[in-house]
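Chemist: One predicted model, sequence on top.
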Amino acid sequence: MLPLEGIKVVSIEQAVSAPFASRQLADFGARVIKIERPGSGDFARAYDEKVRGMASWFIWLNRSKQSMTMNLKHPSAKRALDKLLEDSDVLIQNLAPGAGDRIGLPSADLRARYPRLIICNISGYGTSGPYRDKKAYDLLIQCETGLVSITGTPETPSKVGISAADIAAGMYAFSGILLALQTRAKTGHGTVVDISLFDSLGEWMSYAGYYAAYGGSAPSRTGASHASIAPYGPYSTGDGKQVNLGIQNEREWEKFCSIVLQKPEMARDPRFHSNSRRSENREPLRAAIWEVFRGLTIEQAVERLDSAGIANARMNSMREFWEHPQHTARNRWREVDSPVGLLPALLPPITLDGLEARMEPVPALGEHTELILRELRYSPQQIQLLRDEEAI
């Protein structure tokens, strides 16, 4: 039995943050009913067509859910949603600012009507403050939290290549819902969990905030290198490949010089005898490392680094990540069904001893609408009327 079996989640969700949170709940046994717009559905369904005509985003975020279409502006659909919430444990929503209130879902009213319901609201900037009603997308939150200002090269500030703000909010929503479920088990009462993209990514930015506030300047943009540790980052080898390595302390620095560079005297060079000195002298340090690495292949460099116990990694492409031997060795791949057939999927990163996460199909738009309405005791005639009214 998975730990969340018996938990019923209704998620009025779109894009990334809420779907990511609800997928974690579904992975571990919760029944997740995904509410989508009739006709078009979650707009992430149309982000791309890379997976046999379906969006890579949607495939990733929506396995093991049931899709139900509802036009929540229609009174008949709203009545169906009310029935659905009567025995639900969790309601998640990441609608545009104010949209939940406009369709009759203010948290205070929901708490009064469903005292055991846990309500998770995901917003861009939170429920108060001058930015409360401002629209928020991942890039914009990366900009507002300063992440773009410290990412990239000295010449080019850059966004992170994944939806960092959405993913952060999704994971904090997942964690917050689990805390709320634990609290309800003790008190018998539900609660409201408020998550914002700004707060979530802001938490991740705290190191850089302290660094800038007390150090007089922000961490510099250094590409794939580290702003304050050297050597740390990418180094080329003689065969045109790239190895990334990181030195964390003076003991490792000495081993790097003696075993990897085979120049033990370099550890005592006054330009490099501490991390601060190495950071100040990055260019001569890089030149000294290249002088050795230019005579090595990537395999030889990695072999020396491994033998010295120096952390290192190759610069993999996405295909090389997809085909990584670590996935296969640890039996991490499964198959999930979808409207376009069976697809590979990685197990979630949380591993519970003796249990395996649920890996069920990605739903077609509205695939489970009639099933769920029948559970709510709607007759075939009533369901057809909802269709005729364009409520579902």
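Modeler: Received, thanks.
Chemist: tell me the domain boundaries of this protein?
Modeler: Here the domain parsing of the chain from automatic domain parsing is 8-204+326-388, 232-315.
Chemist: so for the last one, what's the average pLDDT?
Modeler: Just to be clear, that refers to domain 232-315. In this model, domain 232-315 carries a mean pLDDT of 95.
Chemist: now for it, what's the gap between its first and last residues?
Modeler: Start and end residues of domain 232-315 are separated by 14 Å (C-alpha to C-alpha, to the nearest Å).
Chemist: do the same with stretch 99-112
Modeler: 20 Å.
Chemist: just to revisit the earlier point, buried deepest among the domains of the chain, which one?
Modeler: With neighbours taken as mean count of other C-beta atoms under 10 Å, the domains of the chain reach their highest mean count in domain 8-204+326-388, at a mean of 18. Where C-beta positions appear, they are placed from N, C-alpha and C, glycine not excepted.
Chemist: right, so of the domains of the chain, which gets closest to H226?
Modeler: H226 lies closest, by C-beta to C-beta, to one member of those: domain 232-315, at 3.7 Å.
Chemist: which residue ranges form the helices in the stretch 51-200 of the chain?
Modeler: Secondary structure of the stretch 51-200 of the chain by DSSP state H, counting those that start in this stretch: the helices cover 56-61, 75-85, 99-102, 107-113, 138-144, 164-187, 197-204.
Chemist: Out of the ones you listed, name the one with the poorest average pLDDT.
Modeler: Among these, helix 99-102 scores lowest, with a mean of 84.
Chemist: Give me the most central residue, the chain.
Modeler: I167 (2.7 Å; C-alpha atoms, centre = their mean).
Chemist: That one and V16 touch, don't they?
Modeler: Yes - at 6.9 Å, I167 counts as touching V16 under the criterion of C-beta atoms under 8 Å.
Chemist: can you put the helices of the stretch 51-200 of the chain in JSON lines and add distance to R23?
Modeler: Listed next are these as JSON lines, based on distance: least, C-beta to C-beta, whole Å:
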{"stretch": "helix 56-61", "distance to R23": "6"}
{"stretch": "helix 75-85", "distance to R23": "19"}
{"stretch": "helix 99-102", "distance to R23": "21"}
{"stretch": "helix 107-113", "distance to R23": "23"}
{"stretch": "helix 138-144", "distance to R23": "17"}
{"stretch": "helix 164-187", "distance to R23": "8"}
{"stretch": "helix 197-204", "distance to R23": "17"}
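Chemist: Out of the ones you listed, flag the one nearest E335.
Modeler: helix 56-61 (12.2 Å).
Chemist: contacts for the closest one?
Modeler: By C-beta atoms under 8 Å, 6 or more residues apart in numbering, the residues outside helix 56-61 that reach it are 16, 19-20, 23, 42, 44-45, 47-48, 50-51, 338, 343, 362.
Chemist: out of the residues you listed, which one sits closest to R63?
Modeler: Of all the contacts of helix 56-61, V362 has the smallest distance to R63: 5.1 Å, by C-beta to C-beta.
Chemist: my read is that closest one is in a helix, agree?
Modeler: No - read with DSSP: H, G, I helix; E, B strand; the rest coil, V362 is coil and lies in no helix.
Chemist: so what's the closest residue to it other than its chain neighbours up against?
Modeler: Nearest residue to V362, sequence neighbours excluded (C-beta to C-beta, 6 or more residues apart in numbering): S338, at 4.0 Å. Residues counted as contacts of S338 (C-beta under 8 Å, 6+ apart) are 51, 54, 59, 63, 361-362.
Chemist: which of the residues you listed sit farthest apart?
Modeler: The two members of the contacts of S338 with the most space between them (C-beta to C-beta) are V51 and P361, at 13.6 Å.
Chemist: mind listing what the residue lying closest to Q24 once chain neighbours are set aside touches?
Modeler: Among residues not flanking Q24 along the chain, F174 sits closest, at 4.3 Å (C-beta to C-beta, 6+ apart). Applying C-beta under 8 Å, 6+ apart to F174 gives the contacts 20-21, 24-25.
Chemist: run the last query once more with 10 Å
Modeler: Neighbouring residues of F174 by C-beta atoms under 10 Å, 6 or more residues apart in numbering: 20-25, 27-28, 92, 120, 195, 350.
Chemist: which among the residues you listed gets closest to K134?
Modeler: Distance to K134 across the contacts of F174 (C-beta to C-beta) is lowest for I195, with 16.2 Å.
Chemist: The closest one contacts A169, correct?
Modeler: Yes - I195 is within contact range of A169, at 5.4 Å (criterion: C-beta atoms under 10 Å).
Chemist: so how far is A357 from the closest residue to R358 other than its chain neighbours?
Modeler: Sequence neighbours aside, S64 is the residue nearest to R358 in space, at 5.2 Å (criterion: C-beta to C-beta, 6+ apart). As defined by C-beta to C-beta, to the nearest Å, S64 lies at a distance of 9 Å from A357.
Chemist: Need the residues touching each of the two.
Modeler: 26-29, 345.
Chemist: Need the domains of the chain in TSV (columns: distance to A212).
Modeler: Formatted as TSV, the domains of the chain follow (distance: least, C-beta to C-beta, whole Å):
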stretch	distance to A212
domain 8-204+326-388	8
domain 232-315	17
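Chemist: follow-up on the earlier one: what touches both of I195 and A169?
Modeler: Jointly contacting I195 and A169 under the rule C-beta under 10 Å, 6+ apart are 17-18, 21, 94, 122-123.
Chemist: Widest-spaced pair of those?
Modeler: Farthest pair in those, by C-beta to C-beta: A21 and S123, 13.1 Å.
Chemist: what residues are shared contacts of these two?
Modeler: With C-beta under 10 Å, 6+ apart as the test, A21 and S123 both reach 94, 169, 195.
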